[in-house]
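>>> just need the structure, nothing else, for what follows:
(one chain, ligands or ions: 1)
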Amino acid sequence: MNVFSVVLFIHVLSAMALFIAIALEGALLVRLRSARDREQLQFPIHASRRLGMIYAPAFLGLLLGGIYLASQLGSRAAWIPLALGATLLMAVAGGLITGRRMSQLRKMLTTDADALESLLSSAKSKTLVVSYGFRAGLAVGIVFLMTATPALLTSLLALGTSSVAGILAALGLQRFSLRSRDACNYRSAGTSQVTQRS
Ligand code: HEM
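As a prediction, the model looks like this:
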């Protein structure tokens, strides 16, 4: 066993941590979007802050480990700078879009000055869903780059396709969950009417 394999192990472990954080963020997003009052908003908004405890070391392991591995490979392949750029883009988009929106929501929740309607519409805005889908898709594209080590055009195509597919999948899942929630509400309303009549 050499230093390269230890760093590769840390790098892959960091990739696993990144996907765990992405899955947890997805679960919190579902709770956030299905909230109906301030109390239900509390948990996802406050818990989202803790995700940084997974995201930060994961990005550190991916970036530092990746740079070391790339320097040891001594390769000038296009996928390496593209992976670096895409990883940085993921971190920046997460901080600037999702991070900023979540801290706005935290402020709105604590100040109590905002009406519930505006708080709920901020929590359910498409921005969070698009940012999530973009980053999750990009992460899958980066894994493709790591494993297939393709040429420039294929790498760009893979990153473009995966990020767009991620956004579309996130928007599609959001619509599907809204439809099934509405169907549940409709069914329970129907049941209560039947119970009232009988
Ligand atoms: C979201 C970010 C990233 C993820 C999910 C990720 C994931 C992975 C995975 C799963 C492997 C193992 C692939 C294998 O052994 O077949 C790997 C290897 C590697 N990664 Fe990354 N990585 C990321 C970012 C980066 C960055 C930013 C760089 C470079 C600047 C990088 C450079 C490398 C290198 C050089 C290898 C070794 C490839 C080889 O041995 O042929 N990675 N990465």
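>>> which SSE is immediately downstream of the helix or strand hosting residue 71?
Taking DSSP states H and E as the definition, one finds residue 71 inside helix 52-73. Per DSSP H and E, the first helix or strand lying C-terminal to helix 52-73 is helix 79-93.
>>> buried set for that following helix?
79-80, 82-84, 86-87, 89-91, 93 (16 or more other Cβ atoms under 10 Å). Yep, even glycine has a C-beta here, placed from its N, CA and C like the rest.
>>> pLDDT at whichever residue of the chain sits closest to the ligand, what is it?
The chain approaches the ligand most closely through residue 66 (2.4 Å), counting by Cβ to the nearest ligand atom. Residue 66 carries a pLDDT value of 97.
>>> next up, the contacts around it.
Shown in contact with residue 66 (Cβ atoms under 8 Å, 6 or more residues apart in numbering): 11, 83-84, 87.
>>> before we move on, the earlier item: just the buried residues of helix 79-93 that are near the ligand?
The overlap between those and the neighbours of the ligand (Cβ under 6 Å from any ligand atom) comes to 80, 83-84, 87.
>>> up against the ligand, what does the protein have?
So far as Cβ under 6 Å from any ligand atom goes, the chain lies against the ligand at 8, 11-12, 15, 18, 62-63, 66-67, 69-70, 73, 80, 83-84, 87, 139, 142-143, 146-147.
>>> now this protein, which segments are flagged as low pLDDT?
Filtered on pLDDT under 70, the chain yields the residue ranges 112-114, 176-198.
>>> tell me if I'm right that residue 98 and residue 129 touch.
No: look at residue 98 against residue 129 with Cβ atoms under 8 Å: they stay out of range, at 10.0 Å.
>>> please identify the buried residues of the one helix or strand residue 29 maps to?
Secondary structure assignment for residue 29, by DSSP H and E: helix 3-34. If you call a residue buried by 16+ other Cβ under 10 Å, then helix 3-34 has these buried ones: 7-8, 10-11, 14-15, 17-18, 21-22, 24-25, 28-29, 31-33.
>>> residues touching the most centrally placed residue in the chain, list them.
Of all residues in the chain, the one closest to the mean position by Cα atoms, centre = their mean is residue 132, 3.6 Å from it. With contact taken as Cβ under 8 Å, 6+ apart, residue 132 is in contact with 22, 25-26, 29, 98, 170.
>>> show me what counts as buried in the helix or strand encompassing it.
Using DSSP H and E, the element containing residue 132 is helix 126-148. Of all the residues in helix 126-148, those buried under the rule 16+ other Cβ under 10 Å are 128-146.
>>> who's in contact with residue 11?
Applying Cβ under 8 Å, 6+ apart to residue 11 gives the contacts 61-62, 65-66, 69.
>>> 6 Å instead, please
Residue 11 makes contacts with residue 65, as judged by Cβ atoms under 6 Å, 6 or more residues apart in numbering.
>>> separation between it and residue 145?
13 Å (Cβ to Cβ, to the nearest Å).
>>> same check, this time on residue 46
35 Å.
>>> returning to what we had before: chain center to the helix holding residue 71, what's the gap?
Remark: helix 52-73 is offset 18 Å from the chain centroid, using Cα atoms, centre = their mean, to the nearest Å.
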